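Student: quick one, what's the 3D model for this:
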Amino acid sequence: MEHTCHPEAAHHSPQAKKNMISRLSRIEGQIRGISRMIDNDVYCDDVLHQFMAVDAALKGVKNQLLEAHMKSCVVEQIRDGRDEVIDELLVTIKKMTK
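Tutor: Alright, predicted model coming up:
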């Protein structure tokens, strides 16, 4: 995966972007489905299972992006002497794990 990251922008490979956008589009569809389920008075347990599926899908995309960020953006900034990226990353990870 080729990246050239700067503190204000990330540049992901076309394939990585396509993959993340595709996954997010499926998640959007799942959210619309949940709205329809609620509107149609579908049994709450079934709706909750769909929410869990969305949570898992979002977690997958977040983890994919975090991994790409660490392997490219963070490494590149450290190599450029911008070690403050570690503190930024730690804050982000703490927020993600709440």
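Student: what pLDDT does the nearest residue to V61 once chain neighbours are set aside get?
Tutor: Leaving aside its sequence neighbours, V61 sits nearest to R23 (CB to CB, 6 or more residues apart in numbering; 5.1 Å). C-beta here means a position set from N, CA and C on the backbone, and glycine is covered the same way. At R23, the predicted lDDT confidence score is 96.
Student: do the same with the one 4 residues further on
Tutor: pLDDT, the model's per-residue confidence, is 98 for I27.
Student: next: the one 5 residues further on.
Tutor: According to the prediction, R32 has pLDDT 98.
Student: picking up where we left off before, give me every residue that touches the residue nearest to V61.
Tutor: Applying CB atoms under 8 Å, 6 or more residues apart in numbering to R23 gives the contacts A57, G60, V61, Q64.
Student: what residue ranges in the chain score low on pLDDT?
Tutor: 1-8, 10 (pLDDT under 70).
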